[in-house]
Structure formats: structure tokens, C-alpha cells
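Visitor: I would like to see how this sequence folds:
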Amino acid sequence: MTEKAPERDETKDERIRLLEYQLDYLRAELSQLVRERDKNIYSAAWHVFKPLRRIEARLVDAVTAAWRRFVPPAPPPPVAAAVSSTAAAPSKASVPPARLLVDVTGVIKRDAGTGIQRVVKKVVQALYGGESYEIPTLAVRGVDGRLYSAHEYAATLTGAPSRGPDEQIQPRPGDRFLMLSDSWNAFDELAPLFARIREQGGEIISCVFDLIPELHPHACHDVTVPLYDAWLRKALIESDGFLAISRTVAEELAAFVESRALPHRSGLKIGWFHCGCDIAPTGTREPRAKIRDAAVGLSPLFLCVSTIEPRKGQRVALRAFDGLWREGVDARVLFVGRRGWLDEAVVAEIANHTELGRRLFWFDDVGDDELAFLYEHSRALVVPSFAEGFGLPIVEAAWRGRAVLCSDIPVFREVGGAGAIYFRVNDPRALADCVRDFLAGKIGADPARVSRTTWAQAARRIVEVIAREEWSARLP
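Guide: Numbers count the residues shown, from 1 in each chain. Got it, this is the predicted structure:
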């Protein structure tokens, strides 16, 4: 009797490819519906300004063409000539680190109050907190191709007197220019500075918060993916090093560059640091009545802190608690986060939910003081994301002594360690089981075993990695 050959079905890769195609198709449909809705809502403005935008574009093109006729183009930076299919070589031998210039251009111009801006502001606060470092540190901002100190901005963050008036900064030998802010929104603006810094033997370091637009493009806004893709490829050429906000992201970056054979600067250095867990102390400011009323109650409160967007998993959490409520479990869930993108359905579901205001709450305008208050009055934090660069709420909640229930993804294992509780990603039933067992005392968390890095320690590690050349990887 001959052995039956295994049934040939679609390969896993083909099925995944088909699902990705379907997802992309539906996502495009959804984006189109959102655009059509905006046209209908703002119909008068749309019809008035649409032709004006064409006229504006033509005027810009005409002025640009005239400008180019009268003003010769600036010579390309030295690195442009060094770019090959595999790597770019430094234009000049590096000088040992002498000064760390921390760019905050992006957050000064665009502070959306999200995790990236929180990281930038907390690191700058720590750098200006009075501690001494191996090399001097200075917050800077780019303006029209020139570099200025950002002492006044740092003073607004610390509440301390400014180190002095903002003034133009000239590159010095050995400067390390760290683009800590969201440099993809200001990269071209800052690019003219790179050559001048390298002329002095300095280096360019880019901070990378995650690779989500590359690894999970369907979870991102339409504009983000091409913007990020263009930034990453420029940054790989222009940067001497990358500093990631977790070891996981650092490893993902190295693997991504090598697997795609992406052009990059020769000897590209990659390092990482952990974000801080300490936020505003309790009692610095009284919460608003609606925050206090939502937080105080007899039934256990679970927090979910993040922007409303596809990868954050608010729908997973909502489905999980819907199931718990049907079973008679008396628990509350409170979402904290601003609206992001592709959020119409989940926002409508929250806004029209029968439990809204009773066992379901959502606040999109919570500051540090009120967030600290909510952490203090919660039973646990729920983090159902399927992709992250770090997971800042995990460490913030643990620092407050709160249990953390999070998706079982690599970066959460890195940050949560043995102190968090994990459930299968994108599985509402697994989360519901986790919450039920947690409330019943069948499983427990140990917040003390979650990453306990403070922002002062995070800032010091950033400086030490750069000053001591303590990089975790170097690409050929």
C-alpha cells in the first residue's frame, strides 16, 4: 500500500499574501470613504480651496524656477558622492565625542502629546536637571539651515531658569548631533547641517522609535508609510549611528537593513536605551471632576493608555470587556488617548456603547498629572497592542505599583520581563480570561520586576552610549 502523499494546500506565505492584499484593498476603501465624508462635510471649503491649491502649486513652481536661475544650487554634501549600492563612507575621520547636541526641532514645531513627544521632553528635562555628564549636552533646534540653542524651550520643561538666551551654535570638533525628535518631519530641513558637522569630525545620530511603517504598513496612516520609508533610506545614508528606544527595535533595524541589503553608511553603529517610567508625582494638581468621577468606584478599573489607532488594540480590549460584562464580571475599562487614524469604527463603537459613562470611559485630553491620578486609582493596565517600539505605559504603570496585562510580543517581553502578565496577541477571549483570572487571584503580576529605568537613567545611558561608543551592533 502506497503512502498517501500529503495534501497540497496553499502555502502559508501565499495565504498571508492574499490576506495582506485583501486588507490593503479594504483599507484603501475605508480611506476613500473617509475622504468622501470630509468632502461632504466641508463641501463649500473644498470647492473653493481645491482650485486655489492648483494655483498655489503653479506659483510655487514658478518662483522656484526663477530662484534657481538667479541662485546657483548648493553643492551636494560629501556623502552623496560616497553612496554606493551597499554603503556610504564617512567624509572625514571621526573625532572623539566632545559635545552632544540634542535636536528638538520637531517637538517644538509639532507637539502632538503622543509617546514620541513624551520621550523627547522627558529626556531633555533630565539632561537639564542639573546632573553632570561625561560630555556637555545641549538642546538645539534647526532654523533655515542654521543651528540654535534651545535653552528657553528646555527651561519651559524644567521650570528652572534658562541657561541663557538662545543663540546660534557653530559645530565644534567631535560634536555628536542626536536627532532625538521625530526627525522624519524635519530631516530635509536639518540636512544642510550634516556636512558642516562632519567637517569638524562630528557624527550624526538618529533616534529610531520603531520600524512599524516598514514591518506593519497596514497599521499606519496613508501618509506615514512613504514618509517614513523615504526618511529611513535617507537616514541610513546620512547617519553614523542609530539609537533605538529598545533592544528589540535595535535588533529589528539591524536585521531589516541586512535582509533588504539597504545602502547605509559604512560602519553604521546601532545602540539602544530604555525609556523612563517616572511621570508627574501624585497631588501636583487636582484632576478634573470627570476624571475623578470615572476613576473612583467600587469595581476594579482597568486602564488602556494609547492613541486610538489600528495596532493599539482598543477593539480587542472592548471585545474582551464586552464578554466579561455578559458573564456578569463587574469591572470597568477606561481608555486614555487621542484619536489617531483609521479609527472611525472603534470610536463610533465606544461613543455608542451602552456602558459608556458607567463601566466604559474614554478621555482624549489627559495630561501627566491626571494620568498619574488614573494610574493610582486603577487596578491594572491593559496593553493589547500587536506592534510597538517600547510600550511606555507598561513602565509607567509598574512604577506606580500597578499590574500590567499585555500582548505577548517581543518588545513587551523585553520591557515587562517576568513582572507582567501576557496574553495571546489580538485575541479578546485570551485577554478576557487573563482579566478574569487576575481578578480571581489565579494569576498575579510583580510590578517591581518590570523595567524600572528612570528618565534620569535613560538620559545618562544615551550620553554614555554615544560618549563611550557602547554600541550593541556595527554594520559593515
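Visitor: Can you verify my assumption that residue 307 contacts residue 336?
Guide: No: the criterion here is Cβ atoms under 8 Å, and residue 307 misses it with residue 336 at 9.8 Å. Yep, even glycine has a C-beta here, placed from its N, CA and C like the rest.
Visitor: How is the chain divided into domains?
Guide: As assigned by automatic domain parsing, the chain contains the domains 78-276+456-474, 289-452.
Visitor: Can you add distance to residue 12 and mean pLDDT and give these back as TSV?
Guide: Formatted as TSV, the domains of the chain follow (distance: least, Cβ to Cβ, whole Å; pLDDT from 0 to 100):
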stretch	distance to residue 12	mean pLDDT
domain 78-276+456-474	18	88
domain 289-452	17	95
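Visitor: wait, which of those domains is closest to residue 16?
Guide: Between residue 16 and the domains of the chain, the tightest spacing by Cβ to Cβ is seen for domain 78-276+456-474, at 11.9 Å.
Visitor: Next, report how far that closest one is displaced from the centre of its chain.
Guide: Put simply, domain 78-276+456-474 sits 14 Å off its chain's centre (Cα atoms, centre = their mean, to the nearest Å).
Visitor: cool, and stretch 441-458?
Guide: In terms of Cα atoms, centre = their mean, the centre of stretch 441-458 is found 21 Å from the chain centre.
Visitor: measure it end to end?
Guide: End-to-end span of stretch 441-458 (Cα to Cα, to the nearest Å): 34 Å.
Visitor: Out of the domains of the chain, which is closest to residue 37?
Guide: Proximity to residue 37 (Cβ to Cβ) singles out domain 289-452 among the domains of the chain, at 8.4 Å.
Visitor: Quote the end-to-end distance of that closest one.
Guide: For domain 289-452, the end-to-end distance is 31 Å (Cα to Cα).
Visitor: just how off-centre is that domain within its chain?
Guide: Counting by Cα atoms, centre = their mean, domain 289-452 is centred 18 Å from the centre of its parent chain.
Visitor: Identify the residues contacting residue 147.
Guide: Counting by Cβ atoms under 8 Å, 6 or more residues apart in numbering, residue 147 makes contact with 101, 140, 141, 168, 169, 170, 171, 193.
Visitor: and if we set it to 7 Å?
Guide: By Cβ atoms under 7 Å, 6 or more residues apart in numbering, the contact set of residue 147 is 140, 168, 169, 193.
Visitor: Can you flag which of these belong to helices?
Guide: Among those, the members falling in helices (DSSP state H) are residue 193.
Visitor: Rebuild the contacts of residue 147 as TSV, extending it with neighbour count.
Guide: What follows is these, written out as TSV (neighbours: other Cβ atoms under 10 Å):
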residue	neighbour count
140	23
168	9
169	19
193	22
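Visitor: Identify the farthest-apart pair in the contacts of residue 147.
Guide: In those, the most distant members under the criterion Cβ to Cβ are 168 and 193, with 11.7 Å between them.
Visitor: Quick check: residue 153 vs residue 141, distance?
Guide: 7 Å (Cβ to Cβ, to the nearest Å).
Visitor: Those two: who's more crowded?
Guide: Using other Cβ atoms under 10 Å, the more surrounded residue of residue 153 and residue 141 is residue 141, with 24 against 19.
Visitor: hang on, isn't that one packed against residue 108?
Guide: Yes: look at residue 141 against residue 108 with Cβ atoms under 7 Å: they come within range, at 5.7 Å.
Visitor: okay, and the common contacts of the two?
Guide: By Cβ under 7 Å, 6+ apart, residue 141 and residue 108 have these common neighbours: residue 150.
Visitor: mind listing what residue 430 touches?
Guide: Counting by Cβ under 7 Å, 6+ apart, residue 430 touches 423, 424.
Visitor: hang on, the earlier thing: next step: the contacts of residue 147 restricted to strands.
Guide: Judged by DSSP state E, the contacts of residue 147 include residue 140 as members of strands.
Visitor: Give me the common contacts of residue 153 and residue 141.
Guide: Taking Cβ under 7 Å, 6+ apart as the criterion, residue 153 and residue 141 both touch 104, 108.
Visitor: now the domains of the chain as TSV including distance to residue 30?
Guide: Converted to TSV, the domains of the chain look like this (distance: least, Cβ to Cβ, whole Å):
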stretch	distance to residue 30
domain 78-276+456-474	10
domain 289-452	6
